[in-house]
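A.B. asks: fold the following for me, if possible:
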Amino acid sequence: MDAELHHLAGSSGLHPSVELDQIIAKSALNILFQPIFSADSGTIFGWEALSRGPVDSALHFPVALFAIAASTDKLVELECIALKMAIGRFKELNLPGQLFLNVSADTLTHSGSQHQRITEELFRFGIPPSRIVIELTGTRATKDPMALERSVADLRARGFVMAIDDLGEGFASLRRWTEMRPDFVKIDRHFIDGLHTDTIKQQFIRSIVEMAKGIGCMVIGEGVEDEADLQSLRQQGVDLVQGYLMAHPLHHPQTVIRPAISKVLIDTQNTTSATMREQALRGSAICARNLASPSVTADAAVTCLAAIKIFSSETRLNSIAVLDNEKRVIGILRSNEVLRRGAETFFTELYGRRSCTAMMDANPLVFDASATLRNMSEVVANLDDRHLVDGYIVIENGRYFGSGKMTDLLKAVSDMQIITARYANPLTLLPGNVPIDEHIKQCLAGRAHFAAAYFDLDYFKAFNDVYGYRTGDDVIQLAARILSEATDTELDFLGHIGGDDFVVVFKSTDWESKVQKILQNFDSAVQGFFKEEHLADGGFMAQNRQGKDIFHPLVSLSAGIVAVPPGTVGSPFELSAQLAETKKMAKKMTGSCYFVERRALQKNSSGV
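C.D. replies: Model (predicted):
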């Protein structure tokens, strides 16, 4: 080992271990910052702090610097110095967004006593722990997994955010990801390089993105050096990007994205928007979870003075969620209110050391992670205008999940409305053929247990000929309203194929009783459209397709239904054919009725 260390001797001529001692003693590190960009908007999300040794030293580059520190049992000491210097420099530059700090498992498991001091140092600078992302490096094995788990839990309890570096390389395994449940995960650059031409890498990243969404974790693609790879990352759904293509690590970093790279992001916006449209058509639940991301939080230990400093230094920060020790939301701090109170005469002298809970609103706008766009938009529509700027808080299993911007919510609702309108039936405004097929595809792919019902008005053409198309449209709208009122918007899907045909995909377990109610309600309501003599006769005379006058019964509603257990139907086309057959069976019966195909369940039945 001495031979290797001697080989690393720089222009100073000192043995690397001696030079390391001098670096530690003098805190002679250079702290650089590399921006991390939103893959969607191109704005800066945060900064990764990177340490370098003296420029003329063999320990200038981090690989050599930290390797020597590890081999001489001084890694923890060196990393603690780097952490404090990075935080100080971050505050000095007044950089926006999150600060990502690289920390090894060694340091996390040996520096528990440092957690409180780091927390105090942050508040002294007016930086909440929720802006600090502790990035666990994957270069070293964890000697004491239980100690690491305790350390991570302690940091989270103090409000710090966690990340895993280099997923897919070294010790940054999927197991560590599932056990640690970080807020961010960085994909190793091996999977980024050449991504645009490698379908296996693309599939790997898509899988990571899909898993991350399920647990509320944001995915970062690092080491991006090629425009085509950047485009591919966006198309795979990666949230954040970092690399030399956008910006090199610098002592005085740039705070805006280069125009050429901004153009790349804009050029792929259409592709990303198309993906969002596809998700909306498939009914992929765009919900509160998809719109939220980790943000600044505080707890009762944060003082009023610290909260004032945070909002004063972060002019773009509108609100801060206040959490208890178990990450449950207890209130919200609003920038306008905090700064207004802070400007009051003698406020800081009287209340500065008190808990920030004295200034919080105990009734913030909170959504569960599963809340749908429809539910969220209904709540926001009735919200006090003064609170629209605050955004909203998202919880999962009763605990803080993230925060959302009202602008993102309104854009998502607007996109959903545009998509719905584009594929909607113009008469009823219900989803048309394209979203119907996409929804059925999703149900089949997700192996959901559901029942598909094909509703059709009986004798409707004859009714249209006698009463006119305007009255016919009114009857179609009546059927749409009755179907809509009977279906559960959270579970079921209602679509209008066209004309007098509708499809309902029921996931409600009581779907059969709903169908019976639909038919009964229709029979009762449709009578209002007939003349008294036609009601008395039970029908009316009208010409058939051959031009002959024949008697037609009153308009009724028939439904052919196919119960679909998982794995019994292969495609929407196959299901459509089955529904057509069951509808024919229903229309052979008199009056409003339904026929259920249960062959997949080894059972047949029909009912009225």
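A.B. asks: sketch out the low-pLDDT regions of the stretch 201-350 of the chain for me.
C.D. replies: 256-285 (pLDDT under 70).
A.B. asks: now do the nearest residue to A301 once chain neighbours are set aside: how many residues are near it, please.
C.D. replies: In space, and not counting its chain neighbours, A301 is closest to S355: 7.2 Å by CB to CB, 6 or more residues apart in numbering. C-betas here are computed from N, CA, C, even on glycine. S355: 17 surrounding residues under other CB atoms under 10 Å.
A.B. asks: S355 pairs with what?
C.D. replies: Beta-bridge pairing for S355 (DSSP bridges): T303.
A.B. asks: per-residue pLDDT, it?
C.D. replies: At S355, the predicted lDDT confidence score is 93.
A.B. asks: would you map the helices across the stretch 301-450 of the chain?
C.D. replies: Using DSSP state H, counting those that start in this stretch, the helices assigned to the stretch 301-450 of the chain run over residues 304-313, 335-342, 347-351, 373-381, 406-423, 433-445.
A.B. asks: what's the answer for the stretch 501-608 of the chain, then?
C.D. replies: Counting by DSSP H, counting those that start in this stretch, the helices of the stretch 501-608 of the chain are 511-526, 532-537, 572-587.
A.B. asks: also the stretch 51-200 of the chain?
C.D. replies: Remark: helices assigned in the stretch 51-200 of the chain by DSSP H, counting those that start in this stretch are 62-71, 75-93, 105-110, 114-125, 145-157, 174-180, 199-215.
A.B. asks: same for the third one, what does it pack against?
C.D. replies: It stands for helix 105-110. helix 75-93, strand 132-136, helix 145-157 (3 or more CB pairs under 8 Å, 6 or more residues apart in numbering; DSSP states H and E).
A.B. asks: ranges for the strands of the stretch 351-500 of the chain?
C.D. replies: 366-368, 392-396, 399-404, 450-458, 493-498 (DSSP state E, counting those that start in this stretch).
A.B. asks: relative to A321, which of these is closest?
C.D. replies: Of all the strands of the stretch 351-500 of the chain, the one in closest proximity to A321, counting by CB to CB, is strand 392-396 (4.9 Å).
A.B. asks: name the helices or strands packed onto that closest one?
C.D. replies: helix 288-291, strand 329-334, strand 366-368, strand 399-404.
A.B. asks: parallel or antiparallel, which strands does it pair with?
C.D. replies: strand 366-368 (parallel), strand 399-404 (antiparallel).
A.B. asks: please identify the most buried of those strands.
C.D. replies: Among the strands paired with strand 392-396, strand 399-404 has the highest mean neighbour count (mean count of other CB atoms under 10 Å), at a mean of 22.
A.B. asks: list of residues touching that one?
C.D. replies: 216, 288-289, 291-295, 297, 319, 321, 323, 326-329, 367, 369, 391-395 (CB atoms under 8 Å, 6 or more residues apart in numbering).
A.B. asks: in PyMOL, how would I select just the buried ones from these?
C.D. replies: Filtering the contacts of strand 399-404 down to the buried ones (16 or more other CB atoms under 10 Å) takes a single PyMOL command:
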select buried, resi 216+288+289+291+292+293+294+295+297+319+321+323+327+329+367+369+391+392+393+394+395
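A.B. asks: tell me the contacts of the residue most central in space within the chain?
C.D. replies: The chain has N290 as the residue nearest its centroid, 1.8 Å off, counting by CA atoms, centre = their mean. By CB under 8 Å, 6+ apart, N290 lies in contact with K213.
A.B. asks: figure out how far stretch 210-222 is from the centre of its chain.
C.D. replies: Offset of stretch 210-222 from its chain centre (CA atoms, centre = their mean, to the nearest Å): 9 Å.
A.B. asks: between the two ends of it, how far is it?
C.D. replies: Criterion CA to CA, to the nearest Å; first-to-last residue distance in stretch 210-222 is 18 Å.
A.B. asks: how near is E135 to V63?
C.D. replies: 17 Å (CB to CB, to the nearest Å).
A.B. asks: quick one: which of those two has more around it?
C.D. replies: Between E135 and V63, counting by other CB under 10 Å, E135 is the more crowded of the two (24 against 9).
A.B. asks: from memory the more buried one sits against E48, does it?
C.D. replies: Yes - applying CB atoms under 8 Å, one finds E135 in contact with E48, separated by 7.3 Å.
A.B. asks: overlap in contacts of these two?
C.D. replies: 100, 102.
A.B. asks: before we move on, back to that, is it true that the residue nearest to A301 touches A307?
C.D. replies: No - under the criterion of CB under 8 Å, S355 is not in contact with A307, lying 9.4 Å apart.
A.B. asks: follow-up on the earlier one: wait, which of the strands of the stretch 351-500 of the chain is closest to S508?
C.D. replies: The nearest among the strands of the stretch 351-500 of the chain, by CB to CB, is strand 450-458 at 8.6 Å.
A.B. asks: list the residues that contact the spatially closest residue to S151 that is not a sequence neighbour.
C.D. replies: Nearest non-adjacent residue to S151, counting by CB to CB, 6+ apart: L108, 4.5 Å away. Listed by CB under 8 Å, 6+ apart, the contact set of L108 reads 134, 136, 148, 151-152, 155.
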